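S.K.: 3D model of this:
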Amino acid sequence: MQLEPSRRKSVILSLLDGLKCFPGDKPMKIRSKNLIVVVFLIILSANFGFSQTPRTAEDYFNRGIEYGKSEKFAEAIADFTKVIQLEPENAGAYFNRGFAYDAQGKTNLAIADFSKAIQIDPQDPDAYSSRGNAYYSLGKYGLAIADHTKAIELEPQNAKPYFNRGVVYNAQDKYDLAISDFAKAIQIDPQDAIPYYDRGIAYNAQGKYDLAIADYTKAIQLSPQDVDSFINRGIVYGETGNLESAIADFTKAIQIDPRKADAYGNRANAYCLSGKKLLAEADEKRAIELGGSILEKCK
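M.R.: Residues are numbered from 1 along each chain as shown. Next up, the predicted model:
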């Protein structure tokens with residue numbers, strides 16, 4: 001049985017979740033279930049919309065945010081580019097255009113914009129975190145760690161840079177360092193399920209199954225509809241020989257998401273190890289129908 005990968009589903013959640021306000025507007029930090037980026041509530045001009053012709057840098061900026069919220073990333077990039085033409089030292093425009101580029105998969109362009117935002121405003125922890133996430137997606141782990149470390153220095157009571165750095169350490173198999181960072185993120189924000197989930201991955205990799213199960217259980221308590229936590233806890237139960245609990249967790253995952261191929265595949269494995277060949281074969285078939293794969297069919 002193999003664990004699901006760490007649930008870092010995307011470097012950025014969406015343009016809406018990452019954009020910054022126009023200079024002069026007051027950003028308000030809000031929570032995000034998905035973590036990874038610092039999230040801001042966008043405060044827009046009350047009477048501005050797509051239908052109006054922008055006249056000022058702020059108009060283009062606000063329309064760029066509106067385009068981003070609608071996932072019209074090319075249009076958002078065009079508007080933030082116009083802001084930069086009008087105000088070349090507008091760090092927020094570079095930052096937001098970087099998010100739009102990242103949403104398009106243009107990671108190198110995103111890094112260039114985050115770097116320019118940092119050059120203009122070197123005290124902005126979010127720009128370092130965002131560039132660190134982009135470096136991570138390119139496998140440039142050393143640069144990612146450096147950026148997340150800088151974000152921590154600038155904002156040591158923010159849980160997200162610790163989590164981000166922990167994700168990178170996990171990718172490098174530096175599990176003790178990852179666990180330390182996830183623990184710090186949990187200390188700062190104990191109600192966020194995701195650091196427990198990722199710390200569970202690190203504990204499992206170290207063979208500390210009881211600790212892994214405890215972390216997945218906590219993640220489930222905080223986010224009871226999270227399919228991946230049930231799958232990963234089921235896998236750890238399987239590794240400890242507790243096949244009954246493993247099957248129960250895979251079954252719960254299927255109840256939450258009946259199209260989750262990994263849940264069927266893992267339950268098939270658990271059924272097979274339990275001597276329930278017919279049930280295993282039925283799950284193998286369903287997993288393949290859903291686009292999953294089976295390492296070895298039950299014999």
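S.K.: which outside residues touch the helix or strand encompassing Tyr128?
M.R.: Assessed by DSSP states H and E, Tyr128 sits inside helix 125-137. Residues outside helix 125-137 that contact it (C-beta atoms under 8 Å, 6 or more residues apart in numbering) are 11-12, 18, 20, 36-38, 91, 95, 98-99, 102, 107, 110-111, 114-115, 117-118, 121, 141, 143-148, 150-152, 154-155, 158, 160-161, 164-165, 167-168, 171. Using the backbone N, CA and C atoms, a C-beta is placed for each residue, glycine as well.
S.K.: pLDDT on that helix, on average?
M.R.: Rounded to a whole number, the mean pLDDT of helix 125-137 is 96.
S.K.: what's the answer for stretch 63-81, then?
M.R.: Mean predicted lDDT for stretch 63-81 stands at 95.
S.K.: end-to-end on it?
M.R.: Between the opening and closing residues of stretch 63-81 lies a distance of 12 Å (C-alpha to C-alpha, to the nearest Å).
S.K.: buried sites along it?
M.R.: The neighbour-count check on stretch 63-81 (16 or more other C-beta atoms under 10 Å) flags 63-69, 72-73, 75-81 as buried.
S.K.: buried stuff in stretch 189-207?
M.R.: Using 16+ other C-beta under 10 Å as the test for burial, stretch 189-207 gives 189, 192-204.
S.K.: same check, this time on stretch 110-117
M.R.: Quick answer for stretch 110-117 (16+ other C-beta under 10 Å): 110-114, 116-117.
S.K.: farthest-apart pair in the buried residues of stretch 189-207, please.
M.R.: The distance between the two most remote of those (C-beta to C-beta) is 22.3 Å, for Asp189 and Asn204.
S.K.: hmm, back to that, want to throw the buried residues of stretch 189-207 into TSV with distance to Leu278?
M.R.: Shown next, in TSV, are the buried residues of stretch 189-207 (distance: C-beta to C-beta, whole Å):
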residue	distance to Leu278
Asp189	46
Asp192	41
Ala193	36
Ile194	37
Pro195	40
Tyr196	36
Tyr197	33
Asp198	36
Arg199	37
Gly200	32
Ile201	32
Ala202	37
Tyr203	34
Asn204	30
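S.K.: closest to Ser274 among these?
M.R.: Closest to Ser274, out of all of these and judged by C-beta to C-beta, is Asn204, at 21.1 Å.
S.K.: ok, and what's touching the helix or strand that closest one falls within?
M.R.: In this assignment (DSSP H and E), Asn204 forms part of helix 193-205. With C-beta under 8 Å, 6+ apart as the test, helix 193-205 has contacts from 3, 6-8, 33-35, 159, 163, 166-167, 170, 173, 175, 178-179, 182-183, 185-186, 189, 209, 211-213, 215-216, 218-220, 222-223, 226, 228-229, 232-233, 235-236, 239.
S.K.: show the contacting residues for Asn266.
M.R.: By C-beta under 8 Å, 6+ apart, the contact set of Asn266 is 1, 231, 234-235, 238, 246, 250.
S.K.: now, the residues you listed that are in helices?
M.R.: With DSSP state H as the criterion, helices contain 231, 234-235, 238, 246, 250 from among the contacts of Asn266.
S.K.: quick check on the contacts of helix 193-205: which are buried?
M.R.: By 16+ other C-beta under 10 Å, these give 3, 6-8, 35, 159, 163, 166-167, 170, 175, 178-179, 182, 185-186, 189, 209, 211-213, 215-216, 218-220, 222-223, 226, 228-229, 232-233, 235-236, 239 as buried.
S.K.: circling back to that earlier point, which two among the buried residues of stretch 63-81 are spaced furthest apart?
M.R.: Lys69 and Thr81 (17.9 Å).
S.K.: show me the shaky parts of the stretch 101-250 of the chain.
M.R.: Within the stretch 101-250 of the chain, no stretch has pLDDT under 70.
S.K.: tell me the spacing between Asp210 and Tyr203.
M.R.: With distances taken as C-beta to C-beta, to the nearest Å, Asp210 is found 8 Å from Tyr203.
S.K.: brain fart, Thr81
M.R.: 46 Å.
S.K.: show me where the stretch 101-250 of the chain has its helices.
M.R.: Secondary structure of the stretch 101-250 of the chain (DSSP state H, counting those that start in this stretch): helices located at 107-120, 125-137, 141-154, 159-171, 175-188, 193-205, 209-222, 227-239, 243-256.
S.K.: residues contacting the first one, please?
M.R.: The list of residues contacting helix 107-120 from outside it, by C-beta under 8 Å, 6+ apart, reads 11, 89-92, 94-95, 97-99, 101-102, 124, 127-128, 130-131, 134-135, 137-138.
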